[in-house]
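Asker: model the following, please.
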Amino acid sequence: MPIFNDTQVAFADKTDAQLRKAYWMFKMIEQPALTNIGTSVLNFTVHNNFPFVTGIVKNTLFEQFVGGETREESMKVVKQLFKRGVGSIFDYSIEGKEDEETFDAVCKEIKDIVRFSVGNPAIPFIVFKPTAFGRIDLYEAVGNGSELTLSQKEEWSRVVKRFDEVCQLCHENNKKVMVDAEETWMQDAADQLCEEMMEKYNQEKPIVWNTIQMYRTGRLEYMEQHLNRAQERNYFIGYKIVRGAYMEKERARAVEKGYADPIQPTKEASDKNYNSGIDFVMNHLDKVSAFFGTHNEISSELIMDKINAKGLPHNHENLYFGQLYGMSDNITFYLADKGYNVAKYLPYGPVKDVVPYLTRRARENTSVAGQTGRELGLIKKELERRKK
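Answerer: Prediction:
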């Protein structure tokens, strides 16, 4: 029997009613046409303040994928997960805003998360997106080496300052911080900024962690080159290693602008690249730590096998697993049950502000082959087991 099929462990905290609701929701998400229409309508109605829609969202998608509207409200989920040995990573999921006032407000919120989580082992990481601190077009210009105007230079200095304030606060409070990866055209500037922060704050241990998307071409080469730079400058590396979530957008932009597709040509090539990333980390554990963000059972089992083959403790301080809240509980709770370091990304925020995240999550579930079907199969299996 495959090791991640123990639904009794996966859904121990869920009532029959919660499982039936989750089943209905994943069944809706499984239909691409329905998902596209539904997410468009949802965005429109919420942003035009249809009050009854907010209630519906909170009791369906929000309840499945989000911890709560505030950190305090989300602590109920944090405590429940930690009882099972699973950490939580607060993800302040405000997307799609590009003004300085919002950037400052989000930066303050991230710093508040750091202070809120000090001394709490149930919250092992802090996380933020680069575009939560600055405009994507500015990252692109910096990454391309474009000549910046005076106002752009001042704007970029504010982005750097936000990064630095968060990383410094994490360093002072011994909290690990992950910087999410986003679209390829802004990533060079984000990578450079993460390296600067690592050199500054990772002298003794990995406090700052960058995200590597292995569905991209050239990422393994980047990791190897980065390791050389880190060895020369004597600092530690932290990586969150994921496959990636912007494939359709990346391919379409490459066609539109006439440059080489930055995404691996096939799913198999992405999987092979991800597994090569696992090997890279396991071969350089003296310098590199990793948070393996994956819903892939084969990759998860491969990491476990390599940990065991090296005779490492399951809870090795340099190795973490992670999944999104509301998904892949069969992987998360199995790993926790076996003593591995594992954490859930736990989004939170006001319903209206979190809708872009929720609709993106719904579309991603629809586009990832087999993901939604697996969730449905596991829920169905557990409901049937409980009838016996």
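
Asker: is it true that residue 86 touches residue 333?
Answerer: Yes. Taking contacts as Cβ atoms under 8 Å, residue 86 lies within contact range of residue 333: 6.9 Å. To be clear about C-beta, it is placed using only N, CA and C from the backbone, and glycine gets the same treatment.

Asker: so where's this structure shaky on pLDDT?
Answerer: Within the chain, the stretches with pLDDT under 70 are 1, 32-53, 95-96, 360-370.

Asker: biggest helix in it, by residue count?
Answerer: helix 150-172 (DSSP state H).

Asker: helices and strands around that helix, which ones?
Answerer: helix 100-117, strand 125-128, helix 136-143, strand 176-179, helix 184-201 (3 or more Cβ pairs under 8 Å, 6 or more residues apart in numbering; DSSP states H and E).

Asker: buried ones in it?
Answerer: 152, 155-156, 158-159, 162-163, 165-171 (16 or more other Cβ atoms under 10 Å).

Asker: before we move on, back to that, tabulate the helices and strands packed on helix 150-172 (TSV), appending mean neighbour count.
Answerer: Listed next are the helices and strands packed on helix 150-172 as TSV, based on neighbours: other Cβ atoms under 10 Å:
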stretch	mean neighbour count
helix 100-117	17
strand 125-128	24
helix 136-143	19
strand 176-179	24
helix 184-201	21
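
Asker: can you tell me which of these comes nearest to residue 230?
Answerer: Taking Cβ to Cβ, helix 184-201 is the member of the helices and strands packed on helix 150-172 nearest to residue 230, at 7.1 Å.

Asker: which helices and strands sit right next to that closest one?
Answerer: Using 3+ Cβ pairs under 8 Å, 6+ apart, helix 184-201 is in contact with helix 136-143, helix 150-172, strand 176-179, strand 208-213, helix 219-233.

Asker: in the stretch 251-388 of the chain, which spans are strands?
Answerer: 288-293, 319-324, 342-348 (DSSP state E, counting those that start in this stretch).

Asker: most tightly packed of the ones you listed?
Answerer: strand 342-348 (a mean of 25; mean count of other Cβ atoms under 10 Å).

Asker: so which residues make contact with that one?
Answerer: With contacts defined as Cβ atoms under 8 Å, 6 or more residues apart in numbering, strand 342-348 is touched by 65-71, 73-74, 77-78, 81, 85-93, 124-125, 127, 291, 293, 320-325, 332, 335-336, 354, 357.

Asker: out of those, which are buried?
Answerer: 65-69, 71, 74, 77-78, 81, 85-93, 124-125, 127, 291, 293, 320-325, 332, 335-336, 354, 357.

Asker: need the contact list for the residue lying closest to residue 2 once chain neighbours are set aside.
Answerer: Excluding the flanking residues, the one nearest residue 2 by Cβ to Cβ, 6 or more residues apart in numbering is residue 297, at 7.0 Å. By Cβ under 8 Å, 6+ apart, the residues touching residue 297 are 2, 4, 331.

Asker: would you turn those into CSV with distance to residue 213 and neighbour count?
Answerer: Converted to CSV, these look like this (distance: Cβ to Cβ, whole Å; neighbours: other Cβ atoms under 10 Å):
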residue, distance to residue 213, neighbour count
2, 27, 9
4, 23, 22
331, 20, 23
